[in-house]
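In: pasting a predicted model and its sequence here:
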Amino acid sequence: MKPTTRLPLRLVPRLINAPVFIRPIHSTVAKPANVASIVGTGPPPEPPLPAAENVHQRVARRRKQAEMLKNAKELRSASGGKGGGALRKRFWKDVGVKEVDGSLQVFLDTRPLRHPVSKEIVSLPISKPDLASALALEWDLLTSAQDATRQHLIPLTSLTCRALDIAEADKTSGAEISTSEMPLLLRFYDTSTPTQFYAGRPPLESMT
């Protein structure tokens, strides 16, 4: 190959890397976009606040709902031609808590609340006024005597009666129920599930 033919090939990189001057066709000036509106600027509005509602208002609302449910049941029974028996009626009007002989008792009008199995009067310690009020509220929300026979409608009453049964059994049988339940609780000892307090009981090491 002759030297004269290599000369244009040497100039190719220079021609490629040379700056290219581009002249725009239009002459208008570009304007930046306005991404924010100038109308209504200011701080954001305050978040909505929930309506102030106390315990008495919630209880009154639940009583009203229970009364409406009772009226609806009566209308359905009347339209169906079914006569209302004794279990369909609520034999008490007011529910309250009274202190009797150093203990708290729940009264349905003048009748004290009794254990569903042993028929003993449910007596709570003086140090449990919140539990007594919760039991009274649970029975005040029932609409008929038939509801009192349904365990899922009186869960707190069932738990309270079970706790009283265990306490009575511990007094008479020497803590046999607590000792028999201890191996079951030890299976969940590494979790926060077993939270039981035994007053005046021997240490755990002596029971295992």
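Out: Happy to help now that I have it.

In: biggest helix in this structure by residues?
Out: helix 55-80 (DSSP state H).

In: so Leu156 makes contact with Ala136?
Out: No: counting by Cβ atoms under 8 Å, Ala136 is not a contact partner of Leu156; they are 10.3 Å apart. Yep, even glycine has a C-beta here, placed from its N, CA and C like the rest.

In: between these two, which has more neighbouring residues?
Out: Under the criterion of other Cβ atoms under 10 Å, the comparison of Leu156 against Ala136 puts Ala136 first, with 20 against 13.

In: relative to Leu124, how far out is the more buried one?
Out: Distance of Ala136 to Leu124, computed by Cβ to Cβ, to the nearest Å: 11 Å.

In: which residues touch Lys89?
Out: By Cβ atoms under 8 Å, 6 or more residues apart in numbering, the contact set of Lys89 is Ser144, Ala145.

In: and what of the one 3 residues further on?
Out: By Cβ under 8 Å, 6+ apart, the contact list for Trp92 reads Leu108, Asp109, Arg111, Trp139.

In: distance of it from Arg150?
Out: Applying Cβ to Cβ, the value for Trp92 to Arg150 is 17 Å.

In: swap in Lys119?
Out: From Lys119 over to Arg150 the distance is 18 Å, taken as Cβ to Cβ.

In: the more surrounded of the two?
Out: Taking other Cβ under 10 Å, Lys119 and Arg150 do not tie; Arg150 has more neighbours (10 against 7).

In: what's the distance between that one and Ser158?
Out: Distance, Arg150 to Ser158, by Cβ to Cβ: 10 Å.

In: and Phe107, what helix or strand is that in?
Out: Per DSSP states H and E: Phe107 is located in strand 103-108.

In: what strands line up against the helix or strand following that strand, and which way round?
Out: Per DSSP H and E, the first helix or strand lying C-terminal to strand 103-108 is strand 111-112. Strand 111-112 has the following sheet partners, assigned by DSSP bridges: strand 103-108 (antiparallel).
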